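Colleague: Sequence and predicted structure are below.
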Amino acid sequence: MAVVVQTDFAWPDDHIERAVIETAGHVLVTGPSVPAPAEAIEALVARHDPQAIMTCWAEVSASAIAAPRNLKIVQRIGVGLDNVAVAAATARGTWVANVPDYCVAEVSDHAVTLLLDWARGTVAFDREVKAGRWTPAGAKLRRVSDLTVGIIGFGRIGRSTARKLRAFGCRILAHNRSPIADAETEQVPLEQLLSRSDVVIIHAPLTAETEHLIDGERIAQMRPGAFLINVSRGGILDTEALLAALEGGYLSGAGLDVVEGEPHPPRALVERPDVIVTPHIAFSSDASLAELRRRSAEEVVRVLAGEPPHHACNRPEGLS
C-alpha cells in the first residue's frame, strides 16, 4: 500500500482519482481544490511522505520532490510541465509523466472558435446588441476561406487545428521545432509565419526557450490588422507588448484563453472590446476531464506496480 498525494484539483471533487487509486489498494490524500503556494505543498508532502504526487495547477518544487523517502512519480494532471521541477525529479530517480493527448479535440475546437468569433464578430456584436445598440452597418467582417493562418507549435493540437481550419478553406502555415510530415501545410521560419498570416495561433509549450517568444519585436513582424490567439500558456506572449500593439491599433484584436497573471490578469488588457477572453478552459469538457483524471491516476498505479509510465516526460537517473 502506497500513499498518493494529490495537491489540488480543478473540478468539484476527487472521486474519479480516488476510485482508481483505492481500487489498486493505495491511499489518496487530497489537498485543497484551489492550488496552494509552493511552501504549503512542500509541507503537505513532508507530512504524508508519499510515493506519488499528482498535481493539477499547484507547483511541485524541488524541495517538495526531495522530501519523500521513496518518491516514484510526479504525475501532472494535464499536459504542461511548467509547474513541476522536472530536473529535480530526474536527478533523484523519480518519473515525471503527463497526459499529452486528452484534450486535443477541445483545445483545437477552442482555437477555431476564437478565430470564428473574430472573423464573424459574434462576441462583439452580442455585446453591442445587449447594450441596446443595433448597428449592422458598422460590421467589418472577414471571409474565413480567404484567411492565411499561422500555427506556432505543430504537435497533436496544432495538427488538429490545421485539419479543422482547412475544412473552412484557410491556408495554413506552421512553425515547429522539428520537421512536420504534412503535405498540406507549409512549414516556415517564425518571421515568415508572422508576416504572412492574418491570424496567428499559439500552440507551443511554455519552456525557457518560448517564454515571451511573442514579444514586441515579434508582434511588429505581424501583419497590420492581424489577430493573435493564445490557447497554450500565458507566459509565451508578452502581455505589455500585446497591450501596446492593441492600443496603437496595430493588431485588430486577440483571443486569449491564457493570460500572464491569471487568475488575476491585467484589467487593462482583458476589458478591451477587441480582446476575447476565456478563463483557461480550452482543455475542458465533461469527456476530457473524466479521461484526464482517470488516466492520470492509472499512470500512478502503473508506476507503483513497478512499470514505467506510458507517457514519461523524463528518464530518471539510476533507472535502467
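Modeller: Cool, got the structure. Numbering: from 1, shown residues only.

Colleague: Any buried residues in stretch 144-155, and which?
Modeller: Neighbour counts over stretch 144-155 (16 or more other C-beta atoms under 10 Å) mark 144, 147-155 as buried. Bear in mind the C-beta positions are built from the backbone N, C-alpha and C, glycine included.

Colleague: Can you redo the residues you listed as CSV, where the extra columns are pLDDT, distance to residue 291 and secondary structure?
Modeller: Compiled in CSV, these are given as follows (pLDDT from 0 to 100; distance: C-beta to C-beta, whole Å; DSSP: H, G, I helix; E, B strand; the rest coil):
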residue, pLDDT, distance to residue 291, secondary structure
144, 98, 30, helix
147, 98, 32, coil
148, 98, 33, strand
149, 98, 28, strand
150, 98, 30, strand
151, 98, 24, strand
152, 98, 26, strand
153, 96, 22, coil
154, 96, 23, coil
155, 93, 18, coil
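
Colleague: so can I have JSON lines of the residues you listed showing distance to residue 289?
Modeller: Shown next, in JSON lines, are the buried residues of stretch 144-155 (distance: C-beta to C-beta, whole Å):
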{"residue": "144", "distance to residue 289": "30"}
{"residue": "147", "distance to residue 289": "31"}
{"residue": "148", "distance to residue 289": "34"}
{"residue": "149", "distance to residue 289": "28"}
{"residue": "150", "distance to residue 289": "30"}
{"residue": "151", "distance to residue 289": "25"}
{"residue": "152", "distance to residue 289": "26"}
{"residue": "153", "distance to residue 289": "23"}
{"residue": "154", "distance to residue 289": "25"}
{"residue": "155", "distance to residue 289": "21"}
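
Colleague: ok, so of those, who is nearest residue 317?
Modeller: Closest approach between the buried residues of stretch 144-155 and residue 317, by C-beta to C-beta: residue 155, at 26.6 Å.

Colleague: Spatially, what comes nearest to the closest one if we skip its sequence neighbours?
Modeller: Leaving aside its chain neighbours, residue 155 sits nearest to residue 203 (6.9 Å; criterion: C-beta to C-beta, 6 or more residues apart in numbering).

Colleague: now do the same end-to-end measure for stretch 301-310.
Modeller: Here the two ends of stretch 301-310 are set 11 Å apart, with distance taken as C-alpha to C-alpha, to the nearest Å.

Colleague: what distance separates that stretch from the middle of the whole chain?
Modeller: Counting by C-alpha atoms, centre = their mean, to the nearest Å, stretch 301-310 is centred 25 Å from the centre of its parent chain.

Colleague: what comes into contact with that stretch?
Modeller: 2, 4, 20-21, 24, 26, 51-52, 72-73, 75, 95, 97, 299 (C-beta atoms under 8 Å, 6 or more residues apart in numbering).

Colleague: okay, which residue of the protein is out on the far edge from center?
Modeller: Farthest-out residue of the chain from its mean C-alpha position, per C-alpha atoms, centre = their mean: residue 137, at 37.4 Å.

Colleague: Tell me if that residue really is in a strand.
Modeller: No: Residue 137 sits outside any strand when classified using DSSP: H, G, I helix; E, B strand; the rest coil, being helix.

Colleague: pLDDT score for it?
Modeller: Listed pLDDT for residue 137 reads 91.

Colleague: Against residue 128, how distant is it?
Modeller: Per C-beta to C-beta, to the nearest Å, residue 137 is found 12 Å from residue 128.

Colleague: do residue 44 as well
Modeller: 48 Å.

Colleague: which one of the two has more residues nearby?
Modeller: A count of neighbours by other C-beta atoms under 10 Å puts residue 44 above the other of residue 44 and residue 128, at 23 against 17.

Colleague: residues contacting the more buried one?
Modeller: Taking C-beta under 8 Å, 6+ apart as the criterion, residue 44 is in contact with 5, 7, 29, 31, 36.

Colleague: The first one in helix, strand or coil?
Modeller: Looking back up the chat, that one is residue 5. Under three-state DSSP, residue 5 falls in the strand class.

Colleague: what secondary structure does the closest residue to it other than its chain neighbours sit in?
Modeller: Using C-beta to C-beta, 6+ apart and skipping the chain neighbours, the partner closest in space to residue 5 is residue 50 (4.2 Å). Three-state call for residue 50 (three-state DSSP): coil.

Colleague: how far away is residue 50 from residue 3?
Modeller: Distance from residue 50 to residue 3, by C-beta to C-beta: 4 Å.
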